[in-house]
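Chemist: sharing a model prediction with you, sequence too.
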Amino acid sequence: MLGNFLVVAALLAGLYSTFKYFKAYYGEYKNIIHARYAYHAMTVLVIIASTYLLYLILTHQYQYKYIFEYSSGDLSFGLLLSTFFAGQEGSFLLWLLFTVVIGLFLQNYTSKRGDLEARVMMVYTLAAVFLLVMVNPLLKSPFNLIWSETNYVNIKYFNQSILGMPAFKNFIFDSKESNENFVKVGTDLIAVLNSNGIEFSQFLFKGKGLNPLLQNFWMQIHPPILFLGFALTTVPFAFAVSSLIKNKYDEWIKLALPWTLFTCVILGLGIMIGGYWAYGVLGWGGYWAWDPVENASLVPWIINVALIHTMLIQKQTQVNQRIGRFAKTNLVLAVLMFVLVIYSTFLTRSGILSDSSVHSFSDPGTIVYSALLIYILTFSLIGFGGVYIRRKSLKNFTDGEENILSRETVLFYGAALLVASATVVFVGTSAPLIGQSVETDFYNQMNLPLVFAMSLLIGISLFLNWKFNDSKIFIKNLLTPVIISVLFTSVIILLSKLNDVLYILFLFSNIFALVVNFILLVKVLKSGYRFWGGHLSHIGFAVFLIGVLISGVFSKSRQVELTKGVKQNILSHELTFVGMKQIENGKKYAFDVAINNENKSFLSSPVMYISDFNNSLMREPDIIEGLLSDFYVSPTSYTDNKESGNNGSAVSATLRKEEKFKFKDAELEFVGFNLPDHSSDGMTQGNEIIVGTKINVYYKNKVYSVEPRMKVIGDKKEFGESIIKEADLKIKLTSLDVAGSVNLILSSASNKSVTPITPNEVLAADISVKPFISLVWIGVFIMSVGIVIVTLRRSKEV
């Protein structure tokens, strides 16, 4: 109740602050004081609510549905913290938290500039209010109790001794689809617990935990940075709308530019950290799969980059009391960037892409779906509607001077290419909305010529002055970098035997951009670091794209089977499967592979394990990283061949429902448990209970059904066995798990001596070499440093 109260109180404070800011601008300015107090109150309440959710997570309060769904006691401290934003409700709250905190800095930033605070914060606070609506108790609050609506929860999460009491028998249901038992959790169950004096925390004693794919260090880093970027896109939007409110379009560019640059570096880092995470965890060897949800965050970033360049044009061309060129374009791009962030949220959280993306949340319900649509439409109407209403004023204020051979014109063409690239990605990403889908080749083929032209314009623009240029001087300045770029491109072609014309042009354009910016960077080195930023960011962009090309085109992959102790030559490396070992207290298995290459030795240890979260085989690749190339080992399966090499001795096996296990010439399948009708009564009264484990054995086109049993008398347990003479098989039950698995010992039913056969252990894996993929990460780092430097420089110009 406390959490929901804090959210609702924050929502009311946000609405009041928005209203008072509106009154301050359109009515009496003294309302600004009340607006500030209300905004501070909203911020404090959101911070307290976030802290409270964190407290509930750290103290394992599983009575809250959100905490039960994503948290568990066996997670490390860092991963436990990350469950705060693992689901829809928590990630909305994190986005909201960043938004309101950024608003404090924005409030202080605008309060010193006349009526700017009232105009900007009116819009900004409204955006925060919409996020508060998304986490209120009627939609998707992380503070809703698990019994607030009826839920069916797997029986394995409950205290079995309590569940065995007669009072709870009617709350246990069997699923025919999954062959698992579930507990119906609702207000009726709570009433029974209360009447028996049982605390819910004693009853539901563990949570589901994180998806295994999310149990990674980068889970603690990637989402917060990405949502910080999302929150920052609200600032340029608020500035743009504030300029439309006053019909004044010159000052907002200078004031919003540092915020727009900072948004670019944070959002870009968030996206690329996600790519690095995918590269190191998912096992397919890449960092960008053009997944619709990945694309949804990429599109607003591309628009952000375009906006930065057109803002620079407008700022530079503000002369003779003109607002500068492309004023309308900047307003549209600022609005579009923010609306696309909301649209990406809609794609991720509406459930539309649940069949198209591994990142998409499941269907959240009609109310949330409608709320997200209203969110998009409201801010689209505010932004684009404002531009439409002011269209005549914008046309009258815009400078009509234009010279094709000028920096501003070339920069505008570059921005137009960025918008074209964003459009391509947007169309492909949105295809599932109309029941269509596009292949990854669509994105690559469409973007390749656009990026080629873009990189050429990066180099060309830097040799052009603003307004007017002498064409002869321009061509003369270009000559040296063009010759150097041709030479470097030729060397790479000869060494790599690259023969695709489009790839060669792509390579040349990026080497050209790199050379031009390097030459100009050397010239400004003595001028101080404040002038390095633009050149560093463009160098980083070029290095990044060169890395993308080389690592993509020249990557080599092989699917191999490595027999233990046998050396194999794979992709110019000598590989030997050394063996398997248990790690993390026996929860996972590491498969050691010795790698030798040119007198260098490495040990790769990819991992596989059966996840308790979803009873599925999970794989973790291992990467030997290097400056020149990465060696990537992704396991696919492991076989110890015990079924073909068994010598009559006992073999231990764990069987899950509908999972088969091969032993000698027989195949075993665990079907389910055979529970007596009054097992609950017997459990509580200390009577004898017998639980059967139904197992099918497939042998020589026949099916034999057996049922080894567990007998329970008080605290004592006795385990039985079954024998199938036809298959010479003895099945001894050793333990069982009510969640749906049994542990068995399998052996020969006879005492015949069998000649031992040494089993062969085989590791199947995907092996790949990624040449110069380090350039991708180096490029991102250089680009980020460059944008940070530019941000610092522009912030000092305000």
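Modeler: In hand now; what should we look at? Residues are numbered from 1 along each chain as shown.

Chemist: alpha carbons only for contacts and neighbour counts from here, please
Modeler: Will do.

Chemist: wait, isn't residue 103 in contact with residue 124?
Modeler: Yes: applying CA atoms under 8 Å, one finds residue 103 in contact with residue 124, separated by 7.4 Å.

Chemist: could you name every residue contacting both of the two?
Modeler: The contact sets of residue 103 and residue 124 do not overlap (CA atoms under 8 Å, 6 or more residues apart in numbering).

Chemist: show me the shaky parts of the stretch 551-700 of the chain.
Modeler: Regions of the stretch 551-700 of the chain meeting the criterion pLDDT under 70 cover residues 641-652, 654, 658-659, 676-687.

Chemist: strands of that one, start to end?
Modeler: Taking DSSP state E, counting those that start in this stretch to define them, one finds strands in the stretch 551-700 of the chain at 556-563, 567-570, 573-583, 588-597, 600-604, 607-610, 617-620, 622-624, 629-639, 651-656, 660-663, 666-674, 689-699.

Chemist: nearest to residue 325 among the ones you listed would be which one?
Modeler: The closest of these to residue 325 is strand 629-639. By CA to CA, the value is 45.5 Å.

Chemist: mind listing what's buried in the closest one?
Modeler: Neighbour counts over strand 629-639 (16 or more other CA atoms under 10 Å) mark 629, 630, 631, 632, 633, 634, 635, 636, 638 as buried.

Chemist: most widely separated two among the residues you listed?
Modeler: Across these (CA to CA), the longest gap, 26.7 Å, separates 629 and 638.

Chemist: what's the neighbour count on residue 582?
Modeler: 13 (other CA atoms under 10 Å).

Chemist: how about it, nearest residue that isn't a chain neighbour?
Modeler: residue 589 (4.6 Å; CA to CA, 6 or more residues apart in numbering).

Chemist: next, count neighbours for that neighbour.
Modeler: Residue 589 is flanked by 19 other residues according to other CA under 10 Å.

Chemist: do the same with residue 627
Modeler: Neighbour tally, residue 627, other CA under 10 Å: 11.

Chemist: then residue 563?
Modeler: 20.

Chemist: phi, psi of the residue nearest to it when sequence neighbours are not counted?
Modeler: Nearest non-adjacent residue to residue 563, counting by CA to CA, 6+ apart: residue 762, 4.4 Å away. For residue 762, the backbone dihedrals (degrees, to the nearest 10) come out as phi -130, psi 130.

Chemist: how's the chain carved up into domains?
Modeler: Following automatic domain parsing, the chain resolves into domains at 1-146+204-215, 151-188, 218-312+321-392, 556-638+763-771, 642-759.

Chemist: so for residue 418, which of those domains sits nearest?
Modeler: The nearest among those, by CA to CA, is domain 218-312+321-392 at 5.9 Å.

Chemist: span of the closest one from start to end?
Modeler: End-to-end span of domain 218-312+321-392 (CA to CA, to the nearest Å): 49 Å.

Chemist: again with stretch 285-300
Modeler: Stretch 285-300: ends 26 Å apart by CA to CA.

Chemist: in that stretch, which residues are buried?
Modeler: Neighbour count says stretch 285-300 has 285-288, 290-300 buried, by 16+ other CA under 10 Å.

Chemist: equivalent analysis for stretch 247-264, please.
Modeler: Using 16+ other CA under 10 Å as the test for burial, stretch 247-264 gives 249-250, 252-264.

Chemist: tell me which element the residue nearest to residue 30 when sequence neighbours are not counted is part of?
Modeler: Nearest non-adjacent residue to residue 30, counting by CA to CA, 6+ apart: residue 24, 6.4 Å away. Secondary structure from DSSP states H and E places residue 24 in helix 2-26.

Chemist: off-centre distance for that helix?
Modeler: 31 Å (CA atoms, centre = their mean, to the nearest Å).

Chemist: quick check: next helix or strand after that helix?
Modeler: helix 31-58.

Chemist: which strands or helices does that next one pack on?
Modeler: helix 2-26, helix 77-82, helix 88-110 (3 or more CA pairs under 8 Å, 6 or more residues apart in numbering; DSSP states H and E).

Chemist: tell me the buried residues in the first one?
Modeler: By 16+ other CA under 10 Å, the buried positions in helix 2-26 come out as 3-4, 6-25.

Chemist: quick one, that helix and helix 88-110 angle?
Modeler: 30 degrees (axes from the mean of the first three to the mean of the last three CA atoms, to 10 degrees).

Chemist: what is the three-state secondary structure of residue 445?
Modeler: helix (DSSP: H, G, I helix; E, B strand; the rest coil).

Chemist: ok, it to residue 245 distance?
Modeler: The gap separating residue 445 from residue 245 is 42 Å, by CA to CA.

Chemist: these two - which one has more neighbours?
Modeler: residue 245 (16 against 11).

Chemist: contacting residues around that one?
Modeler: 119, 386.

Chemist: that one: which element?
Modeler: helix 234-246.

Chemist: next SSE downstream of that helix?
Modeler: Beyond helix 234-246 on the C-terminal side, the first helix or strand identified by DSSP H and E is helix 251-281.

Chemist: got the angle for that following helix vs strand 629-639?
Modeler: Going by the same axes, to 10 degrees, helix 251-281 makes 50 degrees with strand 629-639.

Chemist: so where's the stretch 151-300 of the chain shaky on pLDDT?
Modeler: 178.

Chemist: tell me where the stretch 251-400 of the chain has helices.
Modeler: Per DSSP state H, counting those that start in this stretch, the stretch 251-400 of the chain carries helices over the ranges 251-281, 292-316, 327-349, 366-389, 391-397.

Chemist: tabulate those helices (CSV), appending distance to residue 111.
Modeler: Converted to CSV, the helices of the stretch 251-400 of the chain look like this (distance: least, CA to CA, whole Å):
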stretch, distance to residue 111
helix 251-281, 12
helix 292-316, 22
helix 327-349, 22
helix 366-389, 23
helix 391-397, 26
